[in-house]
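**Student:** Fold the following and give me the result.
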Amino acid sequence: MSQAPAVRPTFKLKLNGWLNQGRHHLRAYRHRFRDRHFWVIQGIVILIEAMHGSIEAGGFILDLRVPYFIPISLFLVPVVYAALTFGFAGAVATALWAMVITIPNVILWHQGLERVGVTFQMLIVLLVAILVGQRVDRERGARQRAEAAATALKAAKVKYQGLIESSPIAILIIDLTGVILEANPAASILFGRDKAALESMHIADLVGTAGAQKLLSASQSGGHSDAVSLNLKDGPELYIEPTRTESGDGQGSFVIQVLLRDVTTEHNRQAGLRAYAAHVMRAHEKERQLIARELHDDTIQMLALLCRRLNDSIEAASEPLPSSLT
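**Tutor:** Predicted coordinates:
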């Protein structure tokens, strides 16, 4: 007696949980049931059942020699249409509605095996609604995911294109045959050519065969590479630091993206510093040689003269040298 009040609240809580869970799952389909086309389909179901009931109530099935399951099969038309239009929830709701309004017909006009046959036919309609509705929902979900991926890819391409266009470093997109597919404004400034003229040009036509091999082979391993010199056909010599990456273009082909950092000014500055350092070293060496020459010529002569004078002074002295010095 004391356990009954505790059992009832527990069952009530479980029931409320199931109802809330069901409402949560149906909330995603609420907007579909507010569509007037959904109710038009339910009206078609009512018309089919009204026709079915009228034929059987008037005894026209035997006169027309129509099998009793033909009218039931007509429910497949609105059920499949509901599945294609409203997905799983719409198809199942339509099939269940058809089953509910068919119950009086089954009870009043069918007996024995016919009643079992009609019930079996309605179960087939429900099964078709479940299978077609699930397939439509899967296809719709896949299409939505594909559309979302396409939108994200488009946004990424726009962002990527913006980064390339605004980059201060020259960028060339080259296919595996060496044809320039795309060039940014910085590349146009670096090579002194129109962006449209650079695109579709072969890299060898821009920097020569040797320059193209040097440019591409210098970065075969990818990442940062040492500077290479390029002699343009109609321009000055450039020193470039290439950085190469290879990736797919999204259409099954591979392209090479080469970042070309112009280090000509830096290279010339370093060359000037090296020349200046060499000049300073030469000047120091020249000064050292001059000092050595002066020491060799003047100082040695002065020391020799001093020794000679000292020798003369000693010989001219009247007193003999101490025995300890001889």
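**Student:** Assign a three-state SS to Ala275, would you?
**Tutor:** Under DSSP: H, G, I helix; E, B strand; the rest coil, Ala275 falls in the helix class.
**Student:** ok, it to Arg282 distance?
**Tutor:** 10 Å (CB to CB, to the nearest Å). Any C-beta I mention is one placed from the backbone N, CA and C, and that applies to glycine too.
**Student:** do His37 as well
**Tutor:** Distance, His37 to Arg282, using CB to CB: 94 Å.
**Student:** And Ser188, by the same measure?
**Tutor:** Using CB to CB, we find Ser188 at a distance of 43 Å from Arg282.
**Student:** Also Phe191?
**Tutor:** Distance, Phe191 to Arg282, using CB to CB: 38 Å.
**Student:** end-to-end on stretch 184-204?
**Tutor:** 18 Å (CA to CA, to the nearest Å).
**Student:** Flag every buried residue along it.
**Tutor:** By 16 or more other CB atoms under 10 Å, the buried positions in stretch 184-204 come out as 184, 186-188, 190-191, 193, 198-199, 201, 203-204.
**Student:** Can you pick out the most distant pair from those residues?
**Tutor:** Greatest spatial distance among the buried residues of stretch 184-204 (CB to CB): Ala186 and Ala204, at 21.1 Å.
**Student:** Give the ranges of residues in the chain that sit below the confidence cut-off.
**Tutor:** Within the chain, the segments meeting pLDDT under 70 span 1-9, 22-33, 57-71, 110, 215-226, 230-236, 248-252, 295-299, 315-326.
**Student:** Which parts of it are helices?
**Tutor:** Applying DSSP state H to the chain gives helices spanning 4-27, 30-33, 36-57, 60-64, 69-73, 76-109, 113-166, 185-191, 195-198, 203-217, 264-294, 300-316.
**Student:** For Ile240, find the nearest of the ones you listed.
**Tutor:** Minimum separation from Ile240 across the helices of the chain (CB to CB) falls at helix 203-217, 7.1 Å.
**Student:** which residues sit against the closest one?
**Tutor:** With contact meaning CB atoms under 8 Å, 6 or more residues apart in numbering, helix 203-217 is reached by 172, 174, 178-180, 191, 193, 198, 202, 228-233, 240, 242, 244, 256, 258, 260.
**Student:** how far does it sit from the chain's center?
**Tutor:** Centre-to-centre, helix 203-217 and its host chain are 30 Å apart (CA atoms, centre = their mean, to the nearest Å).
**Student:** Ok, stretch 180-191 next?
**Tutor:** With CA atoms, centre = their mean as the basis, stretch 180-191 stands 23 Å off its chain's centre.
**Student:** and it, how far apart are its ends?
**Tutor:** Across stretch 180-191, first to last residue, CA to CA, it's 13 Å.
**Student:** how about stretch 170-186: buried residues?
**Tutor:** Per 16+ other CB under 10 Å, stretch 170-186 contains these buried residues: 170-174, 178-184, 186.
**Student:** Out of these, which sit inside strands?
**Tutor:** Using DSSP state E, 170-174, 180-183 are the members of the buried residues of stretch 170-186 that sit in strands.
**Student:** Now for those residues: which two are most distant?
**Tutor:** Longest span within those, CB to CB: Ala170 and Leu181, 14.6 Å.
**Student:** Can you give me the distance of Pro78 to Trp39?
**Tutor:** Pro78 sits 11 Å away from Trp39, going by CB to CB.
**Student:** More neighbours: those two, which one.
**Tutor:** Applying other CB atoms under 10 Å to Pro78 and Trp39 shows that Pro78 carries more neighbours, namely 25 against 11.
**Student:** and the gap between that one and Ile44?
**Tutor:** 5 Å.
**Student:** Please apply the same query to Val92.
**Tutor:** 16 Å.
**Student:** Then Arg308?
**Tutor:** For Arg308, the distance to Ile44 - CB to CB - is 140 Å.
**Student:** pretty sure Glu246 contacts Ser253?
**Tutor:** No - look at Glu246 against Ser253 with CB atoms under 8 Å: they stay out of range, at 11.1 Å.
**Student:** Give me the more crowded residue out of those two.
**Tutor:** More neighbours surround Glu246 than the other of Glu246 and Ser253, with 14 against 10 (other CB under 10 Å).
**Student:** Show me the beta-bridge partners of that one.
**Tutor:** Ile256 (DSSP bridges).
**Student:** How about the contacts made by it?
**Tutor:** The contact partners of Glu246, taken as CB under 8 Å, 6+ apart, are 222, 254-257.
**Student:** Which ChimeraX command selects the buried ones in those residues?
**Tutor:** In ChimeraX, a selection of the buried entries from the contacts of Glu246 looks like this (16+ other CB under 10 Å):
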select :255,256,257
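**Student:** Reformat the contacts of Glu246 as CSV; add distance to Gly87.
**Tutor:** Converted to CSV, the contacts of Glu246 look like this (distance: CB to CB, whole Å):
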residue, distance to Gly87
Gly222, 48
Phe254, 40
Val255, 41
Ile256, 46
Gln257, 43
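**Student:** Kindly tell me how buried Phe86 is, as a neighbour count.
**Tutor:** 24.
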